[in-house]
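In: Predicted coordinates and the sequence they were generated for:
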Amino acid sequence: MSVFTENPVLYKEIAMRFQLRRQSKANRVVIYSIVGLIIPLFYWFSLRAMLHDYNGARDAFGLFLTALEVSLVVLLTPAMLASTITLEREKQTWNALLLSKLTHSEIVAGKFIGGLLPTLVTLLVFFPLNIAAALMGKISLSQFFLAHTLLLTTALFYGALGMFCSWACRRTQVATAATAGLIALFVLGSPLALTLWQSVVGYSNYSNQGINFFPLWSNPYYAMGELTMNQNSSQAHPEIAVLLSIGSLVASAFLLLAVTRKLAHGPKEMSA
């Protein structure tokens, strides 16, 4: 059975996450307002800033990716996937799904891809702006490709992290809280650790603390900033983005494989 064309789990996830008819009238109004008003205004002001000068376009490219899109990936993706399995348990449909003819990999892949799609669709909204900023700011093709590779692998890792928490926890609230705690650990833990390290070593004896403090390399904000915000500087370090992309890809594969292997125990995996 193909994961993309014949997987009912994937169809169910897509229908659940993208069907506006299930939303209340107030929610639909909010969604249409965002799509029809806020996004065009964002495009308008962003394009005006990029057309102002060459450096403005380069700064906009780094700002879009580092501040906006990484935040969307880090916050939206795990939030979508932290409920993929717990909702099935709460609806008491998880056992039936495990006992169906679907393989464990098809269940995991269907739920993972379905939960990842809202993030990818949201990122597609801003992709034309990234292209415009890259062209106007004369961003190299390698930087453009590496930045979006880092963005995609970060989405895979944080999505896999949310799905792992959804498998490990029995309730959606607990899975969401656990996912949020791990996100805070990864995103806020490394800067806090750097601050502690600086206080111990001392500023005068430790130059360029960020690049030499390797735990900070695991922070997607730092890696994206080093790639996109230092383009005019000889001190830019794209190797951080390369290593984090590889590490995120490996870690996400490991987490998804762990969930798939645990499902091999069948419905008994739900027992205490």
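Out: Arrived safely. Numbering: from 1, shown residues only.
In: what helix or strand does W197 sit in?
Out: helix 172-201 (DSSP states H and E).
In: and that helix, what does it pack onto?
Out: If contacts are counted by 3 or more Cβ pairs under 8 Å, 6 or more residues apart in numbering; DSSP states H and E, helix 172-201 sits against helix 70-81, helix 86-90, helix 141-168, helix 209-212, helix 220-228. In short, each C-beta sits where N, CA and C put it, glycine included.
In: Considering these, which stretch scores lowest in mean pLDDT?
Out: Note on the helices and strands packed on helix 172-201: lowest mean pLDDT is at helix 209-212, with a mean of 69.
In: V187 contacts V74, doesn't it?
Out: Yes: counting by Cβ atoms under 8 Å, V187 does reach V74; the two are 6.3 Å apart.
In: Pull up the overlap in contacts between those two.
Out: Shared contacts of V187 and V74, defined by Cβ atoms under 8 Å, 6 or more residues apart in numbering, comprise P220.
In: got any ranges where the stretch 1-150 of the chain has weak pLDDT?
Out: 1-6, 17-36, 53-54 (pLDDT under 70).
In: what's the helix or strand for R170?
Out: In the assignment (DSSP H and E), R170 maps to no helix and no strand.
In: Please name the residues that touch it.
Out: Applying Cβ under 8 Å, 6+ apart, the residues contacting R170 are T86, R89.
In: now do G115
Out: G115 touches E13, R17, T77, M80, L81, T84, G159, G162, M163, counting by Cβ under 8 Å, 6+ apart.
In: ok, now how distant is C169 from S83?
Out: 10 Å (Cβ to Cβ, to the nearest Å).
In: Pull up the overlap in contacts between those two.
Out: Joint contacts of C169 and S83 (Cβ under 8 Å, 6+ apart) are A175.
In: pLDDT score assigned to Q173?
Out: 92.
In: Next, count neighbours for it.
Out: Here the count is done by other Cβ atoms under 10 Å, and Q173 has 11 residues near it.
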